[in-house]
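Q: sequence and predicted structure, then a few things I'm wondering about:
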Amino acid sequence: MSNVFPSPHPLVAHKLTRLRDRNTNPKKFRELVREIAALMAYEVTADLQTVPRKIDTPLSPFTGAELKEKIGLVPIGYADGYWRSFSNRAVMRIGGRAVPVRGRVCMDQTILELTGLPNVKVGDEVEIVSPDAAAPNSIENLARLANTITPEMMSRFGGPRIRRVTTT
């Protein structure tokens, strides 16, 4: 399956083994899910590009790295029904402006490129799916990206972090 990304990280493998063990109690299971999600954040950001940045350290000048794009994390991922096939292909909207998905869609988060939005701030509303059929993030366009039909796309969205708003 082309949408599966097996993480080569040894800590992810270790924690997945503990998570899958039938002797793992529910409290530990939830802890492991959170820990794996945090580790996957490193995986999902591995494709981000950097540019050189010269800085002065207390000892000497140093050339480090800075992210090429301004990014933001949206707390939605494939566990919520937002497909991994949207990685580097889909858009969401903030303030009516389309912003591209960057990197891989992770279990519980998605990266957006915010470079063109100088006034965006934490807490701004993100439109994941637009009610406008012509919008690039409409359910129809997302279904096309996922190579499926609209009802399947709609039925996959769910969970406690998803607020559904229906219009007639």
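A: Here it is on my side, so go on. Numbers count the residues shown, from 1 in each chain.
Q: please identify which helix or strand holds residue 101.
A: Assigning secondary structure by DSSP states H and E places residue 101 in strand 97-102.
Q: could you give the average pLDDT over the very next helix or strand once past that strand?
A: Next helix or strand after strand 97-102 toward the C-terminus (DSSP H and E): strand 110-113. On average, the pLDDT along strand 110-113 is 92.
Q: and strand 110-113, how far out from the chain's middle?
A: Chain-centre distance of strand 110-113: 6 Å, with Cα atoms, centre = their mean, to the nearest Å.
Q: what residues of that strand count as buried?
A: By neighbour count with 16 or more other Cβ atoms under 10 Å, strand 110-113 contains the buried residues 110-113. Backbone N, C-alpha and C define where each C-beta goes, glycine included.
Q: break this structure down into its structural domains.
A: 10-44, 69-156 (automatic domain parsing).
Q: point out the most buried one among those.
A: Mean neighbour counts were compared across those using mean count of other Cβ atoms under 10 Å; the top stretch is domain 69-156, at a mean of 17.
Q: restricting to C-alpha, output the strand holding residue 101 in PDB.
A: The C-alpha coordinates for strand 97-102 follow below in PDB (Å, rounded to 0.1, in the frame of the first residue of the first chain):
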ATOM      1  CA  ARG A  97      -7.300  31.900   1.900                       C
ATOM      2  CA  ALA A  98      -6.200  28.400   0.700                       C
ATOM      3  CA  VAL A  99      -3.100  27.200   2.500                       C
ATOM      4  CA  PRO A 100      -1.300  24.000   1.300                       C
ATOM      5  CA  VAL A 101      -0.800  20.900   3.300                       C
ATOM      6  CA  ARG A 102       3.000  20.200   3.700                       C
END
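Q: ok, longest helix in this protein?
A: Scanning the chain for the helix with the most residues, using DSSP state H, yields helix 26-44.
Q: how far off strand 97-102 does that helix point, in degrees?
A: Angle of helix 26-44 versus strand 97-102, following axes from the mean of the first three to the mean of the last three Cα atoms, to 10 degrees, is 100 degrees.
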